[in-house]
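> pasting the structure only:
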């Protein structure tokens, strides 16, 4: 039940991001149209796709709160990871589009200096997104949510993009108008980089990848438990915001069922307390 409560908490951060993106994309696109800023336009387009990505994350979080059923014995927790993967696809598509437009404008620059209001708009929006990022990264770390990590990472990227747009527009005020489309190109690269990071993490989790160093620490924890003579095998995987561990340990062949069971209980307790593992499956074999 604690896991479902954590997911419910995560939805608050996703909703905050959604509302921020709706507001900021509208403001940026409007100001970009009247000021003629390519960098701010690219930034606004980025935020408009973030709306879709936030909706995907929200949908994934809601699905992941569904209890286990006959077809999903472990629950639906991986839905939030799938949502993060979908969000990365959306972001990479827009990143490539913004990158293409920025390069095209850089190759054939429009020698117009954007109005200074575009710069202050970008600066103000960057401050807003930094505040949203601070809230969401705190939430992600507290809840250990992969989906919220993706949301927070996107928030930070958007703040950096707006800062870059601000620099480009200010630079154009000093007689270098090509700096604005150049910044738009950098914006596209930042979007693609963020999308790749989210895709790599989500695909790693969905293919049952797990941090080898963390797994080694778990192995050391199990090895130190009284009664464990040897560890034959230990595996771990990510299931949404849950860590699942399977291990096979060798014990003294003269132990009875109750004694062997006590060892499995201690292994489960230690892994849950020291490594925040959600579910542990222990198989006992005689040495």
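Nice, thanks for sending it over. Since we're looking at a predicted model, the values are computed, not measured.
> For the residue at the greatest distance from the centre of the chain, grab phi and psi.
Among the C-alpha atoms of the chain, the one most distant from their mean position (CA atoms, centre = their mean) is that of residue 254, at 48.3 Å. Dihedral pair for residue 254: phi -90, psi 0, per degrees, to the nearest 10.
> The spatially most central residue of the chain: what's it in contact with?
Nearest residue to the geometric centre of the chain (CA atoms, centre = their mean): residue 150, 1.4 Å. Residues near residue 150 by CB atoms under 8 Å, 6 or more residues apart in numbering: 57, 84, 87-88, 198, 201-202. Every residue, glycine included, has its C-beta placed from N, CA and C.
> do you know how far it is from residue 102?
24 Å (CB to CB, to the nearest Å).
> Quick check: the farthest pair among the contacts of residue 150?
57 and 201 (13.5 Å; CB to CB).
> Contacts only, for residue 51.
Applying CB under 8 Å, 6+ apart, the residues near residue 51 are 18, 21-22, 25.
> out of these, who's nearest residue 66?
Distance to residue 66 across the contacts of residue 51 (CB to CB) is lowest for residue 18, with 20.9 Å.
> how much space between that closest one and residue 213?
Remark: distance between residue 18 and residue 213 (CB to CB) = 35 Å.
> of the two, who's got more company?
Neighbours per residue (other CB atoms under 10 Å) separate residue 18 from residue 213, with residue 18 holding more: 19 against 7.
> Can you get me a residue count around the closest residue to the more buried one other than its chain neighbours?
Nearest non-adjacent residue to residue 18, counting by CB to CB, 6 or more residues apart in numbering: residue 54, 4.1 Å away. For residue 54, the neighbour count with other CB under 10 Å is 24.
> Give me the pLDDT for residue 54.
Residue 54 carries a pLDDT value of 85.
> Check residue 231 too.
Residue 231 is given a pLDDT of 93.
> would residue 250 count as being in a helix?
No: assessed with DSSP: H, G, I helix; E, B strand; the rest coil, residue 250 is strand; it does not lie in a helix.
> who does it bridge with?
For residue 250, the beta-bridge partners are residue 230, residue 285 (DSSP bridges).
> Name all residues that make contact with it.
Taking CB under 8 Å, 6+ apart, we find residue 250 in contact with 228-232, 285-287.
> By neighbours, which of these wins?
Neighbour counts for the contacts of residue 250 (other CB under 10 Å) peak at residue 228, which has 21 neighbours.
> I appreciate the help and will end here.
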